[in-house]
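Undergrad: return atomic coordinates for the entry below.
(2 chains)
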Amino acid sequence: MASSCWGLPELLCEFPSLPNSTLRHMRMGIDDGFRGIVRAYSDQIDAATRPLQWFLNTLEHAFVDTPWFIIFALILVVVWFASRNPKIVLGSSMGLAFIGIFGLWEDTMTTLAMVTVATLIAIILGLPIGILMARSDRMQKILTPVLDVMQTMPSFVYLIPVVVIFGIGKVPGVIAVVIYAIPPMIRLTNLGIRLVDKEVIEAADAFGANPRQKLWGVQLPLSLPTIMAGVNQTIMMALAMVVVASMVGVGGLGKNVLQAINNQFFTIGFLNGFALVAIAIIFDRASQAFGKRLQKHSEAGHD
Amino acid sequence: MTDATTNTDTGNRSGIEIRNLYKIFGARPKDYVEKVQAGMGKEELNDKHKHVLGLQDINLTLPPGKISVIMGLSGSGKSTLIRHINGLIMPTAGEILYNGRDVVKMNEEELREFRRHETAMVFQKFALLPHRTVLENTCYGLDIQGVDRKESEPIAKKWIARVGLAGYEDNYPNQLSGGMQQRVGLARALANDADILLMDEAFSALDPLIRMDMQKVLLDLQAELKKTIVFITHDLDEALRLGDKIAILRDGALNQVGTGQEIVLRPANEYIAEFVREVNRGRVIRAETIALPLPEGELPKMKVKASSVLEKIARRMADAEVRTATVVDAANKPIGMVDMTTILTAMVTPASVEEGDDEVEEDSAA
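TA: Got it, this is the predicted structure:
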């Protein structure tokens, strides 16, 4: 590097960085401090994650231990009630059949439990945060860069603090998935509420609606299509992150993919990948059709 | 508007009293209000201080049980003014009194109660709730008040029928035409049973024929309900048709306040005169205004009401082929007479403001 410096002085040639020793001390200081804090509070952290652990295990057992045809039928019923579209139901049954035939049923169930829990948590946390963000411009200013970081930071990177804090296993896996999948939920809730027609909001004000009546009676119902798009995106991102989360000990399809990468098992890799795709498409079509159905009032437009 | 001024029972109801109202838009409006009150102009405020003068020194009484029309072109501040009445916009200085209370001084809760029970509003672009049916939209004000649907639905159905939408209760707004949507807007406002009805360019988005239709609906309803209506429009014909009282707003200041007849006959300045010359005067001027003294001896046989507009009288006289008529007051007592020449003279626009056009017409005819 230094050789191609056209004879410039050292300072202008290479970017003046902090000395290596300083950087090393800084790194060690932060890492040790972080670990120290985690060690000191490990009991509390354990206690805090126990309900999550229990929820995850229960759901996973429910999915895995229930005979396959019941789950199969259950999923189709849910898809039917969400979409009311026989084509989507037929497609879903084909996808599920493909998964079963290639022997991936159990792993898929594990993944499904994981994604369900992560999505639920993302919605439960993301919706109120999105509402808060829509109500206050300051909140939006603070949260937007945070969400930017959450979405652009390579997902492997925040596996590190998650593992340091929570160790290896399903719970840290779910937490990592939630962090990765929650930004669209927050962003689209915020956007949806902010895009609600100003005139309609003014009408609600003119009739004396209080903030709660405005939120539940006008803002949320009218932003529901956008919020549903957020839910849809959250599910998709959760499915994508499940593979990465398998690096910290999450089982299911992701683990198979990881093993296939390590061993260059081409077929296993693609089969498991396609199983994920199948679930993704089922979720996507069903949730989109549901979102559209919520908008039945916008059908048969007059003009 | 013809006979609405005759017999209204508005004895002890309160009108709306707007006093010394100023609205300045910008970062620090309070800092400039005194300077504006002391005479700083709109341009200076805008150029030097980057604040916009929305409304200046508005003093206006909106009588109870009457339709008051605030007329102005876009940017005149009329929509800003109507939003002050229910506190959607708060003034920089001034008072808005109703029933002895100042809307400006109300806290949030009082203001909400005031909006729920004393006012209702109709919007230019309807502002219906797209996810609610016609019936549910009409119930909206009552829902907000906390009225049970068991009670509110019959009320809503009554008003839906009253605005001519019976049978459409379960439709969604965007299944309806613009005129029908605004009928829903009107029904929603009326279901609130509020004394004050604020109508912000309520009919401006409608086709001319449907607009006339809605004006008639409003006048019919008002003849029965006697609400205190504030109606905003940019259309002088609409103002003259609806308004018991008309206030003309320009650049945030009131230019003239009066009845339609007063404005047409005595425009306060060039700007208003310019507006008024296109107006059909026969629909505005009333018999009493142009009545001649009673003649000696026998009175003309045909009788016309003092409050009738000239167009109607002229048509009746032409049909009956008479040239003179007696003007009688509400008690049927003769108070004067009119003849065809006087009526025609009053109906055509005075020559002084018309000259330019005449020349053009003659040229094009030649």
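
Undergrad: now stretch B:321-338 - C-alpha only, PDB.
TA: Output of stretch B:321-338 as PDB, limited to C-alpha atoms (Å, rounded to 0.1, in the frame of the first residue of the first chain):
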ATOM      1  CA  GLU B 321    -100.600  39.800 -19.000                       C
ATOM      2  CA  VAL B 322    -100.700  42.700 -16.600                       C
ATOM      3  CA  ARG B 323     -98.200  45.600 -16.400                       C
ATOM      4  CA  THR B 324     -98.600  46.600 -12.700                       C
ATOM      5  CA  ALA B 325     -99.100  44.800  -9.400                       C
ATOM      6  CA  THR B 326     -99.600  45.700  -5.700                       C
ATOM      7  CA  VAL B 327     -97.000  44.800  -3.200                       C
ATOM      8  CA  VAL B 328     -98.400  43.500   0.100                       C
ATOM      9  CA  ASP B 329     -96.600  42.700   3.300                       C
ATOM     10  CA  ALA B 330     -96.900  39.500   5.400                       C
ATOM     11  CA  ALA B 331    -100.200  40.700   6.800                       C
ATOM     12  CA  ASN B 332    -101.600  41.200   3.300                       C
ATOM     13  CA  LYS B 333    -101.600  45.000   3.700                       C
ATOM     14  CA  PRO B 334    -100.600  47.000   0.600                       C
ATOM     15  CA  ILE B 335     -97.300  48.800   1.000                       C
ATOM     16  CA  GLY B 336     -96.500  49.800  -2.600                       C
ATOM     17  CA  MET B 337     -96.700  48.900  -6.200                       C
ATOM     18  CA  VAL B 338     -94.400  47.600  -9.000                       C
END
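
Undergrad: how far away from the center of its chain is that stretch?
TA: Remark: stretch B:321-338 is offset 30 Å from the chain centroid, using C-alpha atoms, centre = their mean, to the nearest Å.

Undergrad: please enumerate residues in contact with that stretch?
TA: B:6-7, B:287-288, B:290-295, B:299-307, B:313, B:316-317, B:339-340 (C-beta atoms under 8 Å, 6 or more residues apart in numbering or on different chains). For every residue, glycine as well, the C-beta is placed using N, CA and C.

Undergrad: now, these that are in strands?
TA: Using DSSP state E, the subset of the contacts of stretch B:321-338 located in strands is B:303-305, B:339.

Undergrad: state the distance from the residue nearest to B:Ala202 when sequence neighbours are not counted to A:Val178.
TA: Once flanking residues are discounted, B:Ala202 sits nearest to B:Val122: 4.3 Å by C-beta to C-beta, 6 or more residues apart in numbering or on different chains. Between B:Val122 and A:Val178 the distance is 46 Å, computed by C-beta to C-beta, to the nearest Å.

Undergrad: ok, B:Leu294 next?
TA: 92 Å.

Undergrad: over to A:Glu106?
TA: Distance of A:Glu106 to A:Val178, given as C-beta to C-beta: 24 Å.

Undergrad: of the two, which one has the most company?
TA: The neighbour comparison of A:Glu106 against A:Val178 (other C-beta atoms under 10 Å in any protein chain shown) goes to A:Val178, with 23 against 15.

Undergrad: in the stretch 51-200 of chain A, which residue sits closest to chain B?
TA: A:Glu199 (4.1 Å; C-beta to the nearest C-beta).

Undergrad: what pLDDT does that residue get?
TA: pLDDT for A:Glu199: 93.

Undergrad: where does the chain have low pLDDT?
TA: No chain specified, so I'll use chain A. The model of chain A has pLDDT under 70 over residues A:1-4, A:296, A:298-303.

Undergrad: could you do chain B instead?
TA: Using pLDDT under 70, the flagged stretches of chain B are B:1-12, B:350-366.

Undergrad: if we can go back for a sec, of the contacts of stretch B:321-338, buried ones?
TA: B:287-288, B:290-291, B:300, B:302, B:304-307, B:313, B:317, B:339 (16 or more other C-beta atoms under 10 Å in any protein chain shown).

Undergrad: wait, what's in contact with the nearest residue to B:Asn255 once chain neighbours are set aside?
TA: Spatial nearest neighbour of B:Asn255, chain neighbours left out: B:Ile248 (4.7 Å); criterion: C-beta to C-beta, 6+ apart. Neighbour list for B:Ile248: B:71-72, B:254-257, B:263, B:268, B:272, B:275 [criterion: C-beta under 8 Å, 6+ apart].

Undergrad: may I have the beta-bridge partners of B:Ile248?
TA: Applying DSSP bridges to B:Ile248 gives these bridge partners: B:Met71, B:Gln256.

Undergrad: how close does it sit to B:Leu242?
TA: Applying C-beta to C-beta, the value for B:Ile248 to B:Leu242 is 14 Å.

Undergrad: try B:Arg116
TA: Counting by C-beta to C-beta - B:Arg116 and B:Leu242 are separated by 26 Å.

Undergrad: so these two - more neighbours on which side?
TA: Neighbours were counted for B:Arg116 and for B:Leu242 using other C-beta under 10 Å; B:Leu242 has more, 24 against 21.

Undergrad: I'd like the distance between the residue of the stretch 251-366 of chain B found nearest chain A and B:Lys78.
TA: Nearest to chain A, among the residues of the stretch 251-366 of chain B, is B:Gly252, at 20.7 Å (C-beta to the nearest C-beta). Relative to B:Lys78, B:Gly252 is positioned 9 Å away (C-beta to C-beta).

Undergrad: how about the helices of the stretch 51-200 of chain A, start to end?
TA: Using DSSP state H, counting those that start in this stretch, the helices assigned to the stretch 51-200 of chain A run over residues A:68-83, A:86-101, A:105-135, A:137-152, A:159-166, A:170-194, A:198-206.

Undergrad: what's the closest of those helices to B:Leu142?
TA: Nearest to B:Leu142 among these is helix A:198-206; the distance by C-beta to C-beta comes to 13.7 Å.

Undergrad: chain center to that closest one: distance?
TA: 34 Å.

Undergrad: could you name the helices and strands sitting against that helix?
TA: Here helix A:198-206 touches helix A:211-214, strand B:119-122, going by 3 or more C-beta pairs under 8 Å, 6 or more residues apart in numbering or on different chains; DSSP states H and E.

Undergrad: what does that helix contact?
TA: Under C-beta under 8 Å, 6+ apart, the answer for helix A:198-206 is A:213-214, A:217-219, A:222, B:86, B:88, B:115, B:119-121, B:123, B:125, B:127-130, B:144, B:198.

Undergrad: please narrow the residues you listed to those residing in strands.
TA: Cross-referencing the contacts of helix A:198-206 against strands under DSSP E gives B:119-121, B:198.

Undergrad: the residue nearest to A:His297 when sequence neighbours are not counted: neighbour count?
TA: The shortest distance from A:His297 to any non-neighbouring residue, by C-beta to C-beta, 6+ apart, is to B:Tyr172 (4.1 Å). Neighbours of B:Tyr172 under the rule other C-beta under 10 Å: 23.
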